[in-house]
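J.: Here's a sequence, model it:
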Amino acid sequence: FTALQVGDHGVILAASDGGSTAAIGILCAVEGPEDVADIAKLAGVEPLVIMDSSAWQVIPAENLVAAYSATPDSRLMAVAATAKDAEAMFEALETGTDGVVLRTEDPAETRRLAAYLKKRGMMAGLRGGDDGDDY
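T.: Numbers count the residues shown, from 1 in each chain. The predicted model follows:
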């Protein structure tokens, strides 16, 4: 588990063993088509891009999945408020985003997403839950 935080200008920071932080990517808001075009230009440049398109999701996800699938040098993730929204991100253009940041305070949403990931075989080797079951 690596704790992430968002710094100035959307820079994503990861805590290192020594207690310092290192920039590992960028969080980008999607409010319109021009934002999608700008984020697509980061494919192959930024190692990790997390798109936050809370109000407008499917079209940006599909356009950005297409842009990021052409490069192995960048990973695209998406912010989702519900398990259903997360599923849409994982299924965009059939290949989906590389990951999802589930932004919720509802534990039921987390369980729904875990069940979806388990069903798709995307949780192999992960541990979790209060009962310590492997997923």
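J.: quick one: Thr82 and Glu109 touch, right?
T.: Yes. In this structure, Thr82 is within contact of Glu109 by CB atoms under 8 Å, at 5.6 Å. Where you see a C-beta, it was placed from the backbone N, CA and C, and this is true even at glycine.
J.: More neighbours: those two, which one.
T.: Glu109 (19 against 16; other CB atoms under 10 Å).
J.: Tell me which stretches of the protein form helices.
T.: Secondary structure of the chain (DSSP state H): helices at 33-40, 58-68, 83-91, 107-119.
J.: What's the separation between Gly121 and Phe90?
T.: Distance from Gly121 to Phe90, counting by CB to CB, to the nearest Å: 12 Å.
J.: now swap in Met123 and tell me
T.: 12 Å.
J.: out of those two, which sits in the busier spot?
T.: More crowded of Met123 and Phe90, by other CB under 10 Å: Phe90, with 21 against 17.
J.: can you list contacts of the longest strand anywhere in the chain?
T.: In the chain, taking DSSP state E as the definition, the longest strand is strand 21-29. Strand 21-29 is contacted by residues 4-7, 9-16, 35, 38-39, 42, 46-53, 75, 79 when judged by CB atoms under 8 Å, 6 or more residues apart in numbering.
J.: Ala67 contacts Asp38, doesn't it?
T.: No. Contact criterion CB under 8 Å: Ala67 and Asp38 do not qualify, at 11.0 Å.
J.: Of these two, which one has the most company?
T.: Ala67 (20 against 11).
J.: what's the distance between the more buried one and Met51?
T.: Going from Ala67 to Met51 by CB to CB gives 11 Å.
J.: which neighbours do Met123 and Phe90 share?
T.: With CB under 8 Å, 6+ apart, Met123 and Phe90 have no common neighbours.
J.: before we move on, back to that, PyMOL command to pick out the buried ones of the contacts of strand 21-29?
T.: The PyMOL selection below is limited to those of those classed as buried (16 or more other CB atoms under 10 Å):
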select buried, resi 4+12+13+35+39+42+46+48+49+50+51+52+53+75+79
